[in-house]
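Enquirer: Fold the following for me, if possible:
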Amino acid sequence: MKKRPTSIQRALFVPYTILFILVFSLAMGYFAVLESSKIKEDTFSSIKNSVSNISGALDTEVQGLDTVSQNIMYSNLIKERFRDYLEYSGGFPQVATTLDKYNYEQNTLALYDMLIAIIGPNQPVDQVYLYSLNSGRLGVGLDNSTQNISVKDMPWYKSAYDAYGSKVFSCGKDSVLDRYYSSQKGFGYLSLCRVYFSSLNTPQGIVELKLSLKKIDDTIASIHRLYEEKIYIYDTSGKLVYPFGDKPNSYFSQIKAQASGPDQNGKNVHIINEKNEYILYTASGYSGFTTAMVVSNDKLMKPIYNYIGTYLMIFLIVLFAVSLLSFSIAKRIGKPMNRIYSEIRHFEITSDEDTSFPEISIRITELDTLYKALQKMQRKAKAAMTRELELQNREIQSKILALQSQMNPHFLYNTLSTIQAMADEQMNDEIVQMCQSNARILRYISSNNEQLVPLEQELDCVRDYLQSMKLRYAGKLADKIDLPDRMLPIRVPKLCLQLLVENAVKYTSRQKSFPTKIEVNGSADDRSWRISVVDNGPGFSEEDLRSIDEKISIISNTGLFPDLELNGMGMLNVFIRLKILYKDKYIFRIENHVPNGAAVTIGAYEIPQSNMLPEGDGKS
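Expert: A predicted model of the protein is given here:
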């Protein structure tokens, strides 16, 4: 059975609409999965950072406690003062004399001062207690009292004594210290205890340092919790440290069942997926505390669900819009479009009339207007091609004139600076001669706006400049110009050679040994010409050569010309003008001579025959 022909509207609308739906659905699905995964990773990364920050902050506080405790432990002076304090306090009731009381008070004040100095202005601890192994306690910090308390009655005594100098942590309330805090209610204290030894390495007492957990709570409160995360801190035994006073929970047992050991740097955060919750935790290898964050899976996935919902809404809107667009395009486009396409394929921009678009009868207004516009565009393109070539040529001329115009203030600046220096040295006759030479140079600079001038004119300008410099340096400058007469008619970029000579004089005159020598030499054949400016100065530094090469590379690769400043426009200006005038056929080379001196060579690989004189070996 012969198939019924399909209209162009149906042939365009159905397959392309289905194809778009398929491609767009796959793309939307891919990006939805990719972005969902990324959102989840970013969320976990943010929570991990929070866990690490809390653990790090806790370790910092613990390290402060540990540092103070070690400073006290290893201070023989504190241990001696505390031993004397215990001896005095034990013997006063029976045989106290005025001298004994005085010594007791001075010893106690000295002990307080030393402990306060160890605590320091930053106060890494809130309270320091020194315990005798027998009886007696001295407090410094919030509580500066002395009490006859037995250390053996303290809940941490056995673990601290068994640790034999190692740090032992505990947490608990302290009603005495609470009186010194206006907002301390409900927070406990973190205690660090350790045994300290006498000079004979025998236990002498126990030092206890306390820090309010309010500081840890402030750190936790500063963390922005987007997913209503719950934060818990456990000590090494699994006792809940934060939130202080909360009922014990089962999270630590789950962490302990999976944990492989404490993390030495506190940066590795592990994840446990338990029921409808995620537990992110890290165990500090320094303090032994475990910091955990618990977040509900529903809270965690809410941004992802919102993201997917937004994607589905965008998909439906775009699908509806594309369906309408496909239907409209298929309805309007038909056979005339094929004829237009055939003509466009043979589109050529030439001056031949045979290549113009022929007249076609198109009954669709939009397509008819489009085709007429294409005919008009072709005619304009032919005219624009010629105009564009002319504009490009004018643009090149404008760039060269802009570069050349920058040389005028550059030369005036250097000339006036030289005359000022000569005036300071009372060189009046020389100033008159220099002004005459510079007047000729300025007349040459402002004579016309030509881009290229005969080499002979450029050499006259160079000689005037060298004459001025000889007057300036009073016999310390020697020059030599060695160029064949056949090169004199060659047209070179105006002021390029003068700039190179000026640059050579400027840097060579800084050397300590004289005379300064400047030599201009060159050569030419039927296909190229080159001129070199050679000096006996210190040459270019590696940094200068690298800087010039980088700038030349940028100009060659991008075609963009930098702004040239008054101080530093010389050689880069010359390079830019050579590149504009000669395209890729320019010669520009910078090199150092051994043992000293430098040479800059310019030229080109094309010479119009009209610029050359008959062969000759004459010298200028």
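Enquirer: neighbours around Gly64, how many?
Expert: When neighbours are counted by other CB atoms under 10 Å, Gly64 registers 20. Any C-beta I mention is one placed from the backbone N, CA and C, and that applies to glycine too.
Enquirer: With adjacent residues omitted, what lies nearest to it?
Expert: By the measure of CB to CB, 6 or more residues apart in numbering, the closest residue to Gly64 outside its immediate chain neighbours is Pro124, 2.9 Å from it.
Enquirer: so that neighbour touches Asn71, yeah?
Expert: No - at 10.6 Å, Pro124 does not count as touching Asn71 under the criterion of CB atoms under 8 Å.
Enquirer: can you give me how far the lengthiest helix in the chain is from the chain middle?
Expert: Longest helix of the chain, by residue count under DSSP state H: helix 8-73. For helix 8-73, the distance from its own C-alpha centre to the chain's C-alpha centre is 23 Å (CA atoms, centre = their mean, to the nearest Å).
Enquirer: Next secondary structure element downstream of it?
Expert: Counting by DSSP states H and E, the element after helix 8-73 in chain order, helix or strand, is helix 76-95.
Enquirer: quick one: Asn53 and His224, what's the gap?
Expert: Applying CB to CB, to the nearest Å, the value for Asn53 to His224 is 11 Å.
Enquirer: how about low-confidence regions in the stretch 201-350 of the chain?
Expert: 245-246, 248, 259-267, 330-350 (pLDDT under 70).
Enquirer: Identify the residues contacting Lys256.
Expert: Taking CB atoms under 8 Å, 6 or more residues apart in numbering, we find Lys256 in contact with Gly238.
Enquirer: for the residue nearest to Gly64, helix, strand, or coil?
Expert: Recorded secondary structure, Pro124: coil (DSSP: H, G, I helix; E, B strand; the rest coil).
Enquirer: And the pLDDT for Gly91?
Expert: According to the model's per-residue confidence, Gly91 sits at a pLDDT of 53.
Enquirer: Quick check: phi and psi on the residue nearest to Gly64?
Expert: When read as degrees, to the nearest 10, the backbone of Pro124 gives phi -70, psi -10.
Enquirer: Use 51 as the first number for this chain going forward.
Expert: Happy to do that; since the first residue is 51 now, the last one works out to Pro174.
Enquirer: domains of the chain?
Expert: Partitioning the chain according to automatic domain parsing yields domains covering residues 51-383, 386-440, 443-661.
Enquirer: Confidence-wise, which of the ones you listed is weakest overall?
Expert: Looking over these, mean pLDDT reaches its minimum on domain 386-440, with a mean of 66.
Enquirer: before we move on, the earlier item: pick out whichever of Asn103 and His274 has more residues nearby.
Expert: Comparing Asn103 with His274 by neighbour count (other CB under 10 Å), the higher total belongs to Asn103, at 16 against 6.
Enquirer: If we ignore the residues flanking it in sequence, what's nearest that one?
Expert: Ranked by CB to CB, 6+ apart and with sequence neighbours excluded, the top spatial neighbour of Asn103 is Ile273, at 6.9 Å.
Enquirer: Who are the contact partners of that neighbour?
Expert: With contacts taken as CB under 8 Å, 6+ apart, Ile273 has the following neighbours: 100, 103-104, 281.
Enquirer: I'd guess it is in a helix, am I close?
Expert: No - under three-state DSSP, Ile273 falls outside any helix and is assigned coil.
Enquirer: Next, find the distance separating it from Ser346.
Expert: Per CB to CB, Ile273 is found 17 Å from Ser346.
Enquirer: can you check Gln501 too?
Expert: With distances taken as CB to CB, Gln501 is found 77 Å from Ser346.
Enquirer: one step back: against Ile104, how distant is the residue nearest to Asn103?
Expert: When CB to CB is applied, the distance between Ile273 and Ile104 equals 7 Å.
Enquirer: How about Thr93?
Expert: With CB to CB as the criterion, Thr93 and Ile104 are 17 Å apart.
Enquirer: any shared contact partners between Ile273 and Ile104?
Expert: With CB under 8 Å, 6+ apart applied, the overlap between the contact sets of Ile273 and Ile104 consists of Ile281.
Enquirer: what's next to the helix or strand where Ala528 lies, contact-wise?
Expert: Element membership of Ala528 [criterion: DSSP H and E] is strand 527-532. By CB under 8 Å, 6+ apart, the surrounding residues in contact with strand 527-532 are 509, 512-513, 516, 519-520, 555, 559, 565-572, 669-670.
Enquirer: Can I have the buried ones of those as a ChimeraX selection?
Expert: Selecting just the buried residues from these in ChimeraX takes one command, with 16 or more other CB atoms under 10 Å as the test:
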select :509,512,513,516,519,520,555,559,566,567,568,569,570,571,572
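Enquirer: In helices only, show me the contacts of strand 527-532.
Expert: 509, 512-513, 516, 519-520, 555.
Enquirer: Counting neighbours, what do you get for Glu409?
Expert: Look at Glu409: counted by other CB under 10 Å, it has 9 neighbours.
Enquirer: gap between it and Asp268?
Expert: Between Glu409 and Asp268 the distance is 84 Å, computed by CB to CB.
Enquirer: Check Ala213 too.
Expert: Using CB to CB, one obtains 30 Å as the distance from Ala213 to Asp268.
Enquirer: again, but for Lys90
Expert: Spatial separation of Lys90 from Asp268 under the definition CB to CB is 30 Å.
Enquirer: Specify which residue of these two has the higher count of neighbours.
Expert: For Lys90 versus Asp268, the count of surrounding residues by other CB under 10 Å is larger for Lys90: 14 against 11.
Enquirer: contacting residues around that one?
Expert: Residues near Lys90 by CB under 8 Å, 6+ apart: 350-351, 354.
Enquirer: Quickly name whichever of those residues is closest to Arg493.
Expert: Ile354 (78.9 Å; CB to CB).
Enquirer: Tell me which helix or strand the closest one sits in.
Expert: Going by DSSP H and E, Ile354 is in helix 347-382.
Enquirer: what packs against that helix?
Expert: helix 58-123, strand 327-333 (3 or more CB pairs under 8 Å, 6 or more residues apart in numbering; DSSP states H and E).
Enquirer: and the closest residue to Leu595 other than its chain neighbours, how many neighbours does it have?
Expert: The shortest distance from Leu595 to any residue other than its chain neighbours is 6.6 Å, reached at Ile640 (CB to CB, 6+ apart). Residue neighbour count, defined by other CB under 10 Å, stands at 17 for Ile640.
Enquirer: Same question for Ala167.
Expert: Ala167 sits with 10 neighbouring residues when counted by other CB under 10 Å.
Enquirer: now Leu375: how far from Tyr66?
Expert: With distances defined as CB to CB, the gap from Leu375 to Tyr66 amounts to 10 Å.
Enquirer: Then Glu130?
Expert: 95 Å.
Enquirer: From what I see, Gly191 and Val175 are in contact.
Expert: Yes - counting by CB under 8 Å, Gly191 does reach Val175; the two are 6.7 Å apart.
Enquirer: Name the residue in those two with the higher neighbour count.
Expert: Applying other CB under 10 Å to Gly191 and Val175 shows that Val175 carries more neighbours, namely 26 against 18.
Enquirer: How is the residue lying closest to Arg187 once chain neighbours are set aside assigned, secondary-structure-wise?
Expert: For Arg187, the nearest residue in space outside its immediate sequence neighbours is Ile199; the separation is 4.6 Å by CB to CB, 6+ apart. Of the three states, Ile199 takes coil under three-state DSSP.
Enquirer: Now do the contacts for Ile199.
Expert: The neighbourhood of Ile199, defined by CB under 8 Å, 6+ apart, consists of 181, 185-187.
Enquirer: Report the angle between the helix holding Ile354 and helix 58-123.
Expert: Between the direction of helix 347-382 and that of helix 58-123, the angle (axes from the mean of the first three to the mean of the last three CA atoms, to 10 degrees) works out to 160 degrees.
Enquirer: what residues are shared contacts of Gly191 and Val175?
Expert: Shared contacts of Gly191 and Val175 (CB under 8 Å, 6+ apart): 169, 260.
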